[in-house]
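Novice: need a 3D model of the sequence below.
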Amino acid sequence: MSVTPVERPGSGDTVAGFLAAASIFASLIGVAYRPLRVIPFAILLALIASAMSARNGRLGALAASVGAACFVLGLALAVVTSHPLW
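Specialist: The predicted structure is shown next:
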């Protein structure tokens, strides 16, 4: 009888998940507050999280996608409502 060992996520995957979650949170905050000041750093966090995770690159990719969508939405809302971009 052969048993495959259970692969536990390493510390890099755990940190990458936290970075991706922080990136999504920062992107959503950036929509309401100064999009050019917050969202580029959130996208940078998402790219770092995507590069760190060997197993789950999808969460980092999702965070980068959310950041890009929030960037466009935040800039559009800031222009329409005459709020400062930075």
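Novice: next one, pLDDT for A78 please.
Specialist: Looking at A78, its pLDDT is 91.
Novice: identify each buried residue in the longest helix anywhere in the chain, please.
Specialist: Criterion DSSP state H: the longest helix present in the chain is helix 57-80. Across helix 57-80, burial judged by 16 or more other Cβ atoms under 10 Å covers 59-64, 66-67, 70-71, 73-75, 78. Using the backbone N, CA and C atoms, a C-beta is placed for each residue, glycine as well.
Novice: and for the residue nearest to I39 when sequence neighbours are not counted, the neighbour number?
Specialist: Nearest residue to I39, sequence neighbours excluded (Cβ to Cβ, 6 or more residues apart in numbering): G30, at 3.9 Å. The number of residues packed near G30 is 24, by other Cβ atoms under 10 Å.
Novice: which residues sit in contact with G30?
Specialist: By Cβ atoms under 8 Å, 6 or more residues apart in numbering, G30 lies in contact with 37-39, 42, 70-71, 74.
Novice: helix, strand or coil for it?
Specialist: helix (DSSP: H, G, I helix; E, B strand; the rest coil).
Novice: state the pLDDT value of it.
Specialist: 93.
Novice: tell me how far it lies from F41.
Specialist: To F41, G30 is 9 Å away according to Cβ to Cβ, to the nearest Å.
Novice: related to what we said a few turns ago, from the buried residues of helix 57-80, which single one is nearest D13?
Specialist: Taking Cβ to Cβ as the measure, D13 sits nearest to L59 out of the buried residues of helix 57-80, at 9.4 Å.
Novice: correct me if wrong: the closest one contacts A20.
Specialist: Yes - the pair formed by L59 and A20 meets the contact definition of Cβ atoms under 8 Å, at 4.5 Å.
Novice: noted, bye for now.
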